[in-house]
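What follows is a protein structure lacking sequence information:
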């Protein structure tokens with residue numbers, strides 16, 4: 001698959017297929033409209049919806065202990081909610097998970113409640129030493145392969161950040 005042009009979008013089913021092909025096999029998270037098509041595609045894989053992002057990280061930790069490769073999908077406001085769980089569970093006990101985080105408020109455009117987190121999220125990811133990439137700047141499969149490599153190398157969380165408009 002090629003990288004999207006400024007107005008192109010990926011199908012959520014293509015992203016879900018790329019995740020499965022890379023060996024990710026447990027999916028949980030809190031819904032966000034920016035990834036609705038991805039969530040629909042993952043339902044066939046037993047996607048487990050959660051009401052809080054920190055609870056989804058708890059499920060991912062259990063899945064990792066059971067030998068799974070978990071993916072936690074969330075909005076960046078929920079990433080803020082999840083920081084304690086990330087720092088006190090995934091990071092210190094080296095429990096890998098792929099975070100798929102929607103980037104609400106990117107570039108200063110969105111509802112007012114999303115603007116602060118949209119501005120500071122990259123800084124927080126860096127402060128937590130979570131390797132991350134912006135999804136859609138390269139080929140979809142290349143981004144997922146990069147995430148799988150970091151997942152395997154570090155044994156810690158890695159993130160793919162999803163700007164608005166990436167998924168159809």
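Happy to help now that I have it. It should be emphasised that the depicted structure is a prediction, and the values quoted were computed from it without experimental measurement.

helix or strand right after the helix or strand of the chain with the lowest mean pLDDT?
Across the helices and strands of the chain, mean confidence by mean pLDDT, DSSP states H and E is lowest for helix 112-127: a mean of 92. Heading C-terminal from helix 112-127, the first helix or strand you meet, by DSSP states H and E, is strand 132-134.

coming back round to it: check which helices and strands the least confident helix or strand of the chain is in contact with.
With contacts taken as 3 or more CB pairs under 8 Å, 6 or more residues apart in numbering; DSSP states H and E, helix 112-127 sits against helix 76-81, strand 158-162. For every residue, glycine as well, the C-beta is placed using N, CA and C.

and among these, the most buried is which?
Mean neighbour count (mean count of other CB atoms under 10 Å) peaks for strand 158-162 among those, with a mean of 23.

got the contact list for it?
Applying CB atoms under 8 Å, 6 or more residues apart in numbering, the contact partners of strand 158-162 are 34-35, 76, 96-103, 121-122, 125, 130-136, 143-144, 147, 150-151.

The protein: strands as residue ranges?
For the chain, applying DSSP state E gives strands covering 26-29, 48-49, 70-75, 98-102, 132-134, 158-162.

from the ones you listed, which stretch is densest packed?
With neighbours taken as mean count of other CB under 10 Å, the strands of the chain reach their highest mean count in strand 70-75, at a mean of 28.
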